[in-house]
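Trainee: predicted model, plus sequence, below.
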Amino acid sequence: MDFGTYIRGRREALAAERIQDGVPEFSLRGVARKLGIEASHLSKVELGKVQPGDVMIAKLAEILGEDFDTLMLLAGRVSPELQQAVGARPKLFAELIRELRNAPDKAILRLVREVRDGQW
């Protein structure tokens, strides 16, 4: 899935759930207003015609309740925090990613839980 499609889907899902003061808080115009940009620019981002900057990605993560690193990856970028983590052990992370490439989501989630909970 690409960045624009993901953002639009998330925004539309939130728009269906919430309406503030009679105006859809997560309409294209509502989110653009929160970002401080024109709705036409956000539309171009959602359609993949314009690439968002890191600042816009960070603001969208906050507005939409999404993880910044996830949105960065969807936009084809790696956050400085992940770059630092991977850069400290590039061979190990490359091997881990290759091994997990075809693993089912359930197995990956179990691994994440085990590492997070210190059960490894």
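Mentor: The structure has been received and is ready for your questions.
Trainee: helix, strand or coil for residue 50?
Mentor: Secondary structure, DSSP: H, G, I helix; E, B strand; the rest coil: residue 50 is coil.
Trainee: excluding its backbone neighbours, what's nearest it?
Mentor: residue 44 (4.1 Å; Cβ to Cβ, 6 or more residues apart in numbering). (Each C-beta comes from the backbone N, C-alpha and C, glycine too.)
Trainee: host element of the one you found?
Mentor: Per DSSP states H and E, residue 44 falls inside helix 39-46.
Trainee: could you look up the next helix or strand downstream of that helix?
Mentor: Taking DSSP H and E, what comes next after helix 39-46 is helix 54-64.
Trainee: ok, how many other residues are close to the residue lying closest to residue 38 once chain neighbours are set aside?
Mentor: Distances taken as Cβ to Cβ, 6+ apart place residue 32 nearest to residue 38, at 6.2 Å, with adjacent residues excluded. Counted by other Cβ atoms under 10 Å, the residues lying close to residue 32 total 17.
Trainee: do the same with residue 40
Mentor: Around residue 40 there are 11 residues (other Cβ under 10 Å).
Trainee: so what's the closest residue to residue 30 other than its chain neighbours scoring on pLDDT?
Mentor: Leaving aside its sequence neighbours, residue 30 sits nearest to residue 24 (Cβ to Cβ, 6+ apart; 5.8 Å). Per-residue pLDDT puts residue 24 at 73.
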